[in-house]
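[1] The sequence and its predicted three-dimensional model are supplied below.
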Amino acid sequence: MDTIVLRVSELKKLAAELVKDGMQYVQVALMEGDVGEGLPPSAAFSAMRADRPFELVDYDELDGVPETEASFDLM
């Protein structure tokens, strides 16, 4: 999986939390879903502050939007 579609409202809420917590950097990991288990693909977030480079903070994952709700045909 190279890309994921997320809801802007959920991403905005997460970004506000990162700013509130004083984070300067965020790592985004794309997680494969499992259709058989009913688990959608998701994006996991770990962040850090510049003054604490060895202290990573994990944030809640955001579930991807199903293709039936929003489909991007970018290629």
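    Okay, I see it.
[2] can you tell me how far the residue sitting furthest away from the middle of the chain sits from Val35?
    Among the C-alpha atoms of the chain, the one most distant from their mean position (CA atoms, centre = their mean) is that of Asp51, at 23.2 Å. Using CB to CB, to the nearest Å, we find Asp51 at a distance of 42 Å from Val35. Backbone N, C-alpha and C define where each C-beta goes, glycine included.
[3] Show me where the chain dips below the pLDDT cut-off.
    Low-confidence regions of the chain, defined here as pLDDT under 70, cover residues 73-75.
[4] and the spatially most central residue of it, how far is that from Val19?
    For the chain, the residue sitting closest to the mean C-alpha position, by CA atoms, centre = their mean, is Ala43 at 3.4 Å. When CB to CB is applied, the distance between Ala43 and Val19 equals 18 Å.
[5] again with Lys13
    Distance, Lys13 to Val19, by CB to CB: 11 Å.
[6] out of those two, which sits in the busier spot?
    When Lys13 and Val19 are compared on other CB atoms under 10 Å, the one with more neighbours turns out to be Lys13, at 13 against 10.
[7] Which stretches in this structure count as strands?
    Taking DSSP state E as the test, the strands found in the chain are 25-31, 42-49, 52-63.
[8] how about those in a markdown table, adding distance to Asp2?
    Compiled in a markdown table, the strands of the chain are given as follows (distance: least, CB to CB, whole Å):
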| stretch | distance to Asp2 |
| --- | --- |
| strand 25-31 | 8 |
| strand 42-49 | 12 |
| strand 52-63 | 17 |
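[9] For Val8, find the nearest of the ones you listed.
    Nearest to Val8, of all the strands of the chain, is strand 52-63, at 10.7 Å by CB to CB.
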